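>>> predicted coordinates and the sequence they were generated for:
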Amino acid sequence: MDDEHAVGTPGGPVRYEGGLPGLIARARVLADSGQRRLLGIAGSPGSGKSTVAAAVLAALGSSAVVVPMDGFHLAGAELVRLGRSGRKGAPDTFDAAGYVALLRRLREPDGETVYAPEFHRDVEESYAGSIAVPPDVPLVITEGNYLLLDEQPWSRVRGLLDEAWFLAPDEEERVTRLVERHVRFGKSPEDAREWVRRSDERNTALVEPGRARADVLVLGDPV
């Protein structure tokens with residue numbers, strides 16, 4: 001693949017309304033290609049990216065590793081210093097350039113294990129070196145909101161992916177999942193709804209145009 005020029009299929013993404021088996025079959029083709037491949041799963045907050053990634057990983061076993069974009073959240077102290085802590089999750093609250101650099105290393109591991117950070121929602125911080133990607137793992141699955149965002153430095157991500165999926169579930173279900181997630185991690189229902197309205201849905205408006213740059217538009221909830 002030309003490193004940073006792929007922008008999805010020329011005629012737009014393939015629309016997919018089937019269940020998880022079809023997605024697993026697509027991922028398995030990538031894993032069986034004989035080369036390191038990167039699969040990106042994008043979508044708005046609450047669209048089910050981590051759930052789909054985990055399901056594909058469970059099916060492929062040792063042939064895949066999941067490396068979420070969320071490991072590149074800026075630390076809480078840095079967000080405070082920058083005055084961005086009230087909108088954590090926006091594109092400029094991540095080390096996007098660091099994420100792009102990691103994807104490049106994952107494409108060309110040079111026979112070495114590559115280590116990636118992992119975000120822990122219980123403490124709202126990332127831990128460095130938490131996810132090991134051995135060089136013989138054929139498929140790396142990465143998921144996150146901004147994989148298909150068409151602004152620098154995020155726009156460099158698309159050309160590093162061999163295939164990109166965009167998840168488009170029912171909107172009411174997506175928002176309900178978001179509120180439930182925030183409540184599960186400590187917010188009151190009222191605060192959770194306010195955060196979704198003020199932050200998550202603002203980010204959704206940025207993410208949604210990225211569906212045009214995907215290879216596959218996954219409609220509905222496949223899991």
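The structure has been received and is ready for your questions. Residues are numbered from 1 along each chain as shown.

>>> please count neighbours and contacts with C-alpha atoms only from this point.
Will do.

>>> tell me where the model's unsure across this protein.
The chain contains residues with pLDDT under 70 at 1-10, 195.

>>> all strands for this protein, in order.
For the chain, applying DSSP state E gives strands covering 14-16, 37-43, 64-66, 114-120, 125-133, 139-144, 163-168, 216-219.

>>> of all these, which one comes closest to Arg202?
Arg202 lies closest to strand 37-43 among the strands of the chain, at 13.5 Å (C-alpha to C-alpha).

>>> what does that closest one contact?
Here strand 37-43 makes contact (C-alpha atoms under 8 Å, 6 or more residues apart in numbering) with 27, 30-31, 49, 53, 107, 138-148, 160-168, 207-208, 211.

>>> which stretches of this protein form helices?
For the chain, the helices defined by DSSP state H occupy 20-31, 49-60, 76-82, 96-107, 171-184, 189-195, 201-207.

>>> contact partners of the last one?
Among residues not part of helix 201-207, those counted as contacts by C-alpha under 8 Å, 6+ apart are Gly43, Ser44, Pro45, Gly89, Ala90, Pro91, Asn145, Tyr146, Leu148, Leu149.

>>> turn the helices of the chain into JSON lines, columns for distance to Phe119.
Formatted as JSON lines, these follow (distance: least, C-alpha to C-alpha, whole Å):
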{"stretch": "helix 20-31", "distance to Phe119": "24"}
{"stretch": "helix 49-60", "distance to Phe119": "12"}
{"stretch": "helix 76-82", "distance to Phe119": "12"}
{"stretch": "helix 96-107", "distance to Phe119": "13"}
{"stretch": "helix 171-184", "distance to Phe119": "15"}
{"stretch": "helix 189-195", "distance to Phe119": "19"}
{"stretch": "helix 201-207", "distance to Phe119": "19"}
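
>>> and of those helices, who's closest to Arg121?
Closest of these to Arg121 is helix 171-184, at 9.8 Å (criterion: C-alpha to C-alpha).

>>> what helices or strands is the closest one leaning on?
Secondary-structure packing of helix 171-184 (3 or more C-alpha pairs under 8 Å, 6 or more residues apart in numbering; DSSP states H and E): helix 189-195.
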